[in-house]
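Participant: got a sequence here, can you model it:
(chains A, B and C)
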Amino acid sequence: MALRLGLCCLFAAAPVKFRRTTATALARLGRDEQLARLSSLCLENSMTLLAALEECQALGISAFRVMSPLFPLFTHPERGYQLGDLPDHDAIDGKLREVAAFRRSRGMRLSFHPDQFVVLSSPRPPVAASAAAELEYQGVLASLTGADVVNLHLGGVHEGKPESMTRFRHAFAGLTEAVKTRLTLENDDRLYTPADLAPLCRELGIGLVYDVHHHRCNPDGLSVAAATELSLETWRALGREAYFHLSSPKHGWGAKPRPHADYIDFADFPEEWLRLGCAVTVDVEAKAKELAIARLRSDLAGRCQLL
DNA sequence: GCATGTCAAGTTGTG
DNA sequence: CACAACTTGACATGC
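Facilitator: Predicted coordinates:
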């Protein structure tokens, strides 16, 4: 087996910074000025994304999660825009092609992870519609950059889990292929467990991203080994490398285990993951970012092969 | 300049 | 019933 450790969105020490703006700051500007401002941020962030991949490569990190606001306010109801609206459109497009080429040549894995506001299973039509729009945006970016995963939580439990999953099923059917082929579901730390999601993932032909920390916060009776296997099955059916998440609780496993710690406590690393028969990606969700990956790598030294 | 409060969005659970 | 927790640092604002 081999393990691919992934960095999530940001660097703690390396000088790689993504930029953003706010809707209220843009409100004072005319539309052309807004687009000029957004254009320069998108171009700068595209260059920063390439720099991020180069930095990962230099650090021996072979997976990277791209932050959702790479293109700030892209799907905002008032400030939203299309790539073609931006004055630097050609330069941005060219830079993203460079990102895609770099990713491919180094065999890196890229992913996107829409945040908690993206609720495809919501019973409220405007919420589900804006979730679909956001997913389409991330699907376009994923296509352009060569990312193979857009990872999502199922959402709330309005009326019940089966009803929510049915709404998810219907909304999924309406998405474009760019999103459908990349969308994955992840167990969360309060509601949906691996046991809840595995059947839906199998039915829809999508990957189940297994977050072991969430599973420990929100257990379903399955062992880590059993949940790992449920996830592996969904990826095996697709012929793709499996995807896991790992983090440690900031305040220990007591009353509030959900917040993430700076580093991974190696005791939290599932030893089942050392005995898998295939390569897997493990996103390291730790506030010390690349420093946490370096420490985990040294903890893992000699125990498994790292990609 | 430097410190501080804000940031587009949903849902659940707490106080 | 209102608000904090998710996560999170960069940016905008105000002194």
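
Participant: leaving out sequence neighbours, find the closest residue to the most centrally placed residue in chain A.
Facilitator: The residue lying closest to the centre of chain A (CA atoms, centre = their mean) is A:H113, at 2.8 Å. Sequence neighbours aside, A:N151 is the residue nearest to A:H113 in space, at 4.8 Å (criterion: CB to CB, 6 or more residues apart in numbering). Where C-beta positions appear, they are placed from N, C-alpha and C, glycine not excepted.

Participant: just to be sure, that neighbour is in a strand?
Facilitator: Yes. Counting by DSSP: H, G, I helix; E, B strand; the rest coil, A:N151 is located in a strand.

Participant: residue contacts, it?
Facilitator: Counting by CB atoms under 8 Å, 6 or more residues apart in numbering, A:N151 makes contact with A:111-114, A:183-186, A:209, A:243.

Participant: again, only using 7 Å
Facilitator: A:111, A:113, A:184, A:186, A:209 (CB atoms under 7 Å, 6 or more residues apart in numbering).

Participant: kindly state the beta-bridge partners for it.
Facilitator: Taking DSSP bridges as the rule, A:N151 bridges to A:T184.

Participant: against DNA strand C, how distant is the residue nearest to the centre of chain A?
Facilitator: 9 Å (CB to the nearest atom of the strand, to the nearest Å).

Participant: the helix or strand A:R37 falls within: how far from the chain's middle?
Facilitator: Per DSSP states H and E: A:R37 is located in helix A:31-59. The chain centroid and the centroid of helix A:31-59 are separated by 18 Å, computed with CA atoms, centre = their mean, to the nearest Å.

Participant: touching DNA strand B at all, the helix or strand just after it?
Facilitator: Toward the C-terminus, helix A:31-59 is succeeded by strand A:63-66 as the next helix or strand (DSSP H and E). No. On the criterion CB under 7 Å from any atom of the strand, strand A:63-66 is out of touch with DNA strand B, staying 13.4 Å away.

Participant: thinking again about what came up before, quick one: the helix holding A:R37 near DNA strand B?
Facilitator: No. Helix A:31-59 lies out of reach of DNA strand B by CB under 7 Å from any atom of the strand, never closer than 11.2 Å.

Participant: from DNA strand B, how far out is A:C304?
Facilitator: A:C304 is 35 Å from DNA strand B, by CB to the nearest atom of the strand.

Participant: circling back: correct me, but the residue nearest to the centre of chain A touches A:R65?
Facilitator: Yes. Counting by CB atoms under 7 Å, A:H113 does reach A:R65; the two are 5.7 Å apart.

Participant: residues in chain A within reach of DNA strand B, list them.
Facilitator: So far as CB under 7 Å from any atom of the strand goes, chain A lies against DNA strand B at A:22-24, A:68-69, A:72-77, A:80, A:115-119, A:122-124, A:126-127, A:130, A:134, A:155-158, A:190-191.

Participant: restricted to helices, list the residues you listed.
Facilitator: A:23-24, A:126-127, A:130, A:134 (DSSP state H).

Participant: let's see if you can find the most crowded of the residues you listed.
Facilitator: A:E134 (21 neighbours; other CB atoms under 10 Å).

Participant: correct me, but it touches A:H76?
Facilitator: No. Between A:E134 and A:H76 there is no contact under CB under 7 Å: 10.2 Å.

Participant: A:R295: which element?
Facilitator: helix A:289-300.

Participant: ok and that helix relative to helix A:31-59, angle-wise?
Facilitator: 20 degrees (axes from the mean of the first three to the mean of the last three CA atoms, to 10 degrees).

Participant: could you give the mean pLDDT of helix A:289-300?
Facilitator: Averaged across helix A:289-300, pLDDT comes to 95.

Participant: just checking, next helix/strand downstream of it?
Facilitator: strand A:305-306.

Participant: and the helices in the stretch 101-250 of chain A?
Facilitator: A:125-145, A:161-173, A:177-180, A:194-204, A:212-217, A:224-238 (DSSP state H, counting those that start in this stretch).

Participant: can you lay out these as JSON lines showing distance to A:A91 and mean pLDDT?
Facilitator: JSON lines is the format used below for the helices of the stretch 101-250 of chain A (distance: least, CB to CB, whole Å; pLDDT from 0 to 100):
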{"stretch": "helix A:125-145", "distance to A:A91": "13", "mean pLDDT": "95"}
{"stretch": "helix A:161-173", "distance to A:A91": "34", "mean pLDDT": "96"}
{"stretch": "helix A:177-180", "distance to A:A91": "23", "mean pLDDT": "96"}
{"stretch": "helix A:194-204", "distance to A:A91": "37", "mean pLDDT": "97"}
{"stretch": "helix A:212-217", "distance to A:A91": "39", "mean pLDDT": "94"}
{"stretch": "helix A:224-238", "distance to A:A91": "35", "mean pLDDT": "97"}
